[in-house]
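1. Structure for the following, please:
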Amino acid sequence: MNSFFRIDKESLITKLNKMKNEYLNIKKRKLKLDMSRGKPSSDQLYLSEKILNCIDDKILNDYREKSGIDIRNYGCLEGLPEARSIMAGFIGCEPNDVIIGGNSSLSMMHDVLTHFFVKGVNGCKPWSNKMVKFLCPSPGYDRHFKLCEYFGIDMIQIKMLKNGPDMNQVIDLSENDEKIKGIWCVPKFSNPQGIVYSEETVDKFSRLKPAAKDFRIFWDNAYSVHELGNKKIEIPNIFKKCRETNNENLVIAFCSTSKITFAGGGISAIGCRKSNFKEIKDYYSFKTIGFDKINQLRHIVFLENKVSNHMNKHSFILKPKFDLIINSFKKNFEENPIIEWTEPQGGYFISVQTFGSARRIVDLCAEAGLIITPAGAAFPYGDDHEDSNIRIAPSNPNIEELKAAVEIFCLCSKISAAEKILESVFRRSNSNTI
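-> Below you'll find the predicted structure:
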């Protein structure tokens with residue numbers, strides 16, 4: 001395909017009209033397609049079906065004799081030892097530093113923020129009595145930003161670079177403003193760009209000297225074992241580095257099995273050290289007498305020593321979907337560079353950069369029957385200053401649905417780009433050629 005930037009005005013108008021006719025024909029099909037969130041597909045959920053009946057009488061009795069814990073009863077607030085060990089492996093901390101929760105790590109993030117707002121951190125005044133700001137690497141996870149909005153936390157955008165957040169910004173801001181109390185991080189296969197934090201980035205995090213004594217790094221290791229393909233991607237261990245810099249209280253880490261077993265029926269975990277652990281455990285001692293230990297035992301039996309093999313099965317389902325989209329983008333846009341895209345090695349998203357037309361593309365897709373995460377959702381307050389970023393979630397649709405979805409997305413991207421060129425470039429140059 002010839003680039004839109006290399007043809008004359010009349011040829012581009014002709015091409016745009018042809019694409020609009022194609023778009024109208026697609027609308028007549030009344031499709032209902034959804035790439036809005038990173039939901040596991042039915043095929044992925046089937047991988048964990050055996051978890052529902054993996055506990056028989058013998059396993060239950062053996063476990064009670066082994067641990068002395070009756071999982072049917074109250075107690076064991078921190079979680080079963082083997083479950084703590086599994087989740088510690090995902091987080092990168094020691095099992096004794098883990099608290100097991102319910103099915104949602106997002107809920108545990110909410111709990112920690114609630115505690116800090118009501119009681120404060122490490123002897124400091126509660127956050128409810130002061131102005132609280134968070135650093136928000138962007139594009140980022142929209143639900144992190146929604147939590148900040150709910151609690152009235154002022155959000156400061158931090159630019160994402162190829163190796164993680166712009167650490168010059170992070171250091172300068174956190175070390176000079178005591179109102180800044182935290183930062184959101186997705187260190188491996190970040191949402192939505194799929195960025196993996198480098199050794200240098202994690203090292204700089206471990207050496208932070210924030211102005212606020214109650215500053216914390218919220219380390220959301222959501223995609224710790226979610227490679228696409230057989231190559232294992234390692235990230236530096238933030239807990240080990242913080243131990244070396246005597247900064248162990250700086251990090252509170254989160255993870256869950258939501259995209260490992262059942263999205264609605266997994267287990268989650270917090271990993272943290274020293275006073276953080278004591279404070280958060282004390283908070284949970286008032287909230288619950290113990291989370292669902294039966295579900296914890298299911299995960300122990302189902303996952304123990306089998307995580308790698310299980311995640312390879314997820315990759316076998318997911319990778320062809322990512323390949324389909326990326327190959328379609330290459331076919332449509334390598335010679336016509338009107339969008340740019342990431343090619344992640346893991347995680348659940350492809351991040352697309354447009355040239356100031358994200359909202360228009362998302363709106364066109366919606367009219368054609370394809371739902372995508374709203375433009376701007378990956379930025380604090382939904383404010384993408386450049387109107388450039390779109391998050392693509394390939395996981396949930398089947399291959400045939402995905403083929404239709406990417407066809408619509410590519411067409412809408414071309415229509416939007418042609419409109420923008422005709423509106424701005426030709427009008428500005430007052431010429432029939434670019």
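2. Specify the local secondary structure of the residue lying closest to Pro187 once chain neighbours are set aside.
-> Of all residues not flanking Pro187 in the chain, Tyr197 sits nearest, at 4.3 Å (Cβ to Cβ, 6 or more residues apart in numbering). In this view, the C-beta of every residue, glycine as well, is placed from N, C-alpha and C. With DSSP: H, G, I helix; E, B strand; the rest coil as the basis, Tyr197 sits in coil.
3. What is the neighbour count of Tyr197?
-> Residues within reach of Tyr197, counting by other Cβ atoms under 10 Å, total 24.
4. Secondary structure element holding the residue lying closest to Glu367 once chain neighbours are set aside?
-> Beyond its immediate neighbours in the sequence, the residue positioned closest to Glu367 (Cβ to Cβ, 6+ apart) is Lys27, lying 6.5 Å away. Under the criterion DSSP states H and E, the helix or strand holding Lys27 is helix 9-28.
5. isn't Lys213 right up against Ser174?
-> No - with contacts counted by Cβ atoms under 8 Å, Lys213 stays clear of Ser174, the gap being 12.0 Å.
6. Looking at those two, which one has more neighbours?
-> When neighbours are counted by other Cβ under 10 Å, Ser174 comes out ahead of the other of Lys213 and Ser174, with 25 against 12.
7. need the contact list for that one.
-> Contacts of Ser174 were listed using Cβ atoms under 8 Å, 6 or more residues apart in numbering, and they are 135, 180, 183, 208, 210-212, 215.
8. State the distance from it to Cys255.
-> The span separating Ser174 from Cys255 equals 24 Å under the rule Cβ to Cβ, to the nearest Å.
9. do Ala212 as well
-> 25 Å.
10. Provide the strand pairings for the next helix or strand after the helix holding Lys27, with the direction of each partner.
-> Next along the chain after helix 9-28, taking DSSP H and E as the criterion, comes strand 33-35. In the sheet containing strand 33-35, its partner strands are strand 370-372 (parallel), by DSSP bridges.
11. right, and the helix or strand after the strand it pairs with?
-> Tracing the chain past strand 370-372, the next element assigned as helix or strand by DSSP H and E is strand 389-392.
12. What count of nearby residues applies to Thr373?
-> Thr373 - counted by other Cβ under 10 Å - has 20 other residues nearby.
13. Helix or strand: which one has the closest residue to Lys20 other than its chain neighbours?
-> By the measure of Cβ to Cβ, 6+ apart, the closest residue to Lys20 outside its immediate chain neighbours is Ile415, 6.5 Å from it. Taking DSSP H and E as the definition, Ile415 sits inside helix 399-420.
14. In terms of pLDDT, where does Asn230 sit?
-> Asn230 carries a pLDDT score of 87 in this model.
15. quick one: the spatially closest residue to it that is not a sequence neighbour from Val225, how far?
-> Sequence neighbours aside, Asn312 is the residue nearest to Asn230 in space, at 7.2 Å (criterion: Cβ to Cβ, 6+ apart). Separation of Asn312 from Val225 (Cβ to Cβ) stands at 10 Å.
16. Return the residues in contact with the spatially closest residue to Asp203 that is not a sequence neighbour.
-> Taking Cβ to Cβ, 6+ apart, and ignoring the residues beside it in sequence, Asp203 has Lys241 as its nearest neighbour in space, at 6.0 Å. Taking Cβ under 8 Å, 6+ apart, we find Lys241 in contact with 202-203, 205-206.
17. out of those, which is most surrounded?
-> Using other Cβ under 10 Å as the contact criterion, the top neighbour count among these goes to Phe205, which has 28 neighbours.
18. what about it, which SS state?
-> With three-state DSSP as the criterion, Phe205 was assigned helix.
19. The residue nearest to Asp203 looks like it's in a helix, true?
-> Yes - the assignment for Lys241 by three-state DSSP puts it in a helix.
20. Local confidence estimate at it?
-> Reading off the confidence values, Lys241 has pLDDT 97.
21. Roughly how far does it sit from Ile91?
-> Here the criterion is Cβ to Cβ. By it, Lys241 lies 14 Å from Ile91.
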